[in-house]
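> Dropping the sequence and predicted coords here.
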Amino acid sequence: MPGKSYAKAGYRKRQQPKWPKTGRKTKPRPFRISTIKEPLEKAVSDSDFQTLEQLKLAKLPAKEAGTTGNPRKNLKDRTTVEQALLQQARGQIEKLLEELVPKGESARAAQDAHSARKEKRDHLLKDQTTRANQLESIPTTANSCEETDRKLAGERKALLVWQKLRELIGSHDGAKFGRYASPFPLDILTRHANRHLTRLSDRYRIRRDSNEVQVQVEDLDQAGVRRPMASLSGGESFLVSLALALGLSDLAGRTVRIDSLFVDEGFGTLDPETLEIAIAALETLRQDHKTVGVISHVGLLKERIGTQIVVEKLAGG
């Protein structure tokens, strides 16, 4: 076994044999080392060592071999000391258990406190995990917030425009928008109507009231004074109404072509000169490839309009 010395293994130095003394000198037989080596190697192979070299390496120095003493006695002494220490530790443990371990109500209270602390610990661990995940997601959240801020900046710019429009034309019933939007088509209508009114009369022009969605007539013969429509005579009202009707057809004709126009009565209120002007204006519309129908009983119209549908009242109706 490792740690054995040669002394313990029972090996001794082989002495040279003494040859018997004779009268003559005899030659001694040669000494063969194999006679010792072979049994030694066999003994070593049967032990914990494999080779003689391992056995040599396991040899203790002389000083160390002298201080080892009796291993069994040393182990016994150490065992005695360790058992004494173990017994002392057990006594201390029993004393601590007797003093510190609660019993009865104290044990139940300690167990409840332990459960509460354990639950609190689990909650803190869960909260810690949640906060760690939140910390990891901060860069992604920051990038998302920056992108959202850029989008909000664009939305705020668009919102300023809509807020300004709401201040100008917005209301819950749409009346404010109506007051804002109505003048625009009315201005366009008056421009179209005045273009036709110029051919019917060089005295009047249609103007929109600046404060209301209404039209007035501007009298050029009276230094451009504006008059309400109700102040016009029957013939003048007819001319202005006809100009508005023609202007309305032009306005609607931007998206839908209007090729027909019917005028129902009103010619009887015109004096001969004005009637001639109105007929000339209607004939001008024919040159624009429009069909004009006139419903009237005025004799001059019967003479000027060749294509007619005459309605006669008979006894049967």
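Everything's here; your move. Residues are numbered from 1 along each chain as shown.

> show me where the stretch 201-317 of the chain has helices.
Here the stretch 201-317 of the chain has its helices, by DSSP state H, counting those that start in this stretch, at 234-252, 272-287, 299-304.

> so of these, which one's packed in deepest?
Among the helices of the stretch 201-317 of the chain, helix 234-252 has the highest mean neighbour count (mean count of other CB atoms under 10 Å), at a mean of 19. Glycine gets a C-beta too; all of them are placed from N, C-alpha and C.

> and the angle from that one to helix 272-287?
Inter-element angle recorded for helix 234-252 and helix 272-287: 10 degrees (by axes from the mean of the first three to the mean of the last three CA atoms, to 10 degrees).

> Averaged pLDDT, helix 234-252. What do you get?
Average pLDDT, helix 234-252: 79.

> Need the contact partners of it.
Helix 234-252 is contacted from outside by 185, 188-197, 200-201, 204, 206, 215, 217, 229, 232, 258, 261, 263, 266-267, 269-271, 274, 277-278, 281, 285, using CB atoms under 8 Å, 6 or more residues apart in numbering.

> How far away from the center of its chain is that helix?
Centre-to-centre, helix 234-252 and its host chain are 59 Å apart (CA atoms, centre = their mean, to the nearest Å).

> what do you get for stretch 138-146?
Distance, centroid of stretch 138-146 to centroid of chain: 10 Å (CA atoms, centre = their mean).

> Ok, stretch 131-148 next?
Using CA atoms, centre = their mean, the offset of stretch 131-148 from its chain centre is 12 Å.

> go on, stretch 77-88?
Using CA atoms, centre = their mean, the offset of stretch 77-88 from its chain centre is 72 Å.

> per-domain residue ranges of the chain.
With domains defined by automatic domain parsing, the chain comprises 115-173, 182-304.

> Now distance to Asp77 too, for those, in CSV please.
Shown next, in CSV, are the domains of the chain (distance: least, CB to CB, whole Å):
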stretch, distance to Asp77
domain 115-173, 47
domain 182-304, 119
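
> Out of these, which one sits most buried?
Across the domains of the chain, averaging neighbours per residue (mean count of other CB under 10 Å) puts domain 182-304 on top, at a mean of 15.

> before we move on, back to that, of the helices of the stretch 201-317 of the chain, which is nearest Thr51?
Set against Thr51 and scored by CB to CB, the helices of the stretch 201-317 of the chain come closest in helix 234-252, at 122.8 Å.

> Could you list the alpha-carbon positions for the closest one in PDB?
Extracted in PDB, the C-alpha atoms of helix 234-252 (Å, rounded to 0.1, in the frame of the first residue of the first chain):
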ATOM      1  CA  GLY A 234     -93.200  94.700 -62.800                       C
ATOM      2  CA  GLY A 235     -91.200  95.000 -66.100                       C
ATOM      3  CA  GLU A 236     -88.000  95.700 -64.200                       C
ATOM      4  CA  SER A 237     -88.500  92.700 -61.900                       C
ATOM      5  CA  PHE A 238     -89.200  90.500 -64.900                       C
ATOM      6  CA  LEU A 239     -85.900  91.500 -66.500                       C
ATOM      7  CA  VAL A 240     -83.900  91.000 -63.300                       C
ATOM      8  CA  SER A 241     -85.600  87.700 -62.700                       C
ATOM      9  CA  LEU A 242     -84.900  86.500 -66.200                       C
ATOM     10  CA  ALA A 243     -81.200  87.500 -65.800                       C
ATOM     11  CA  LEU A 244     -81.000  85.500 -62.600                       C
ATOM     12  CA  ALA A 245     -82.600  82.500 -64.200                       C
ATOM     13  CA  LEU A 246     -80.200  82.700 -67.100                       C
ATOM     14  CA  GLY A 247     -77.300  83.100 -64.700                       C
ATOM     15  CA  LEU A 248     -78.500  80.100 -62.700                       C
ATOM     16  CA  SER A 249     -78.600  78.000 -65.800                       C
ATOM     17  CA  ASP A 250     -75.000  79.000 -66.500                       C
ATOM     18  CA  LEU A 251     -73.900  78.200 -63.000                       C
ATOM     19  CA  ALA A 252     -75.600  74.700 -63.100                       C
END
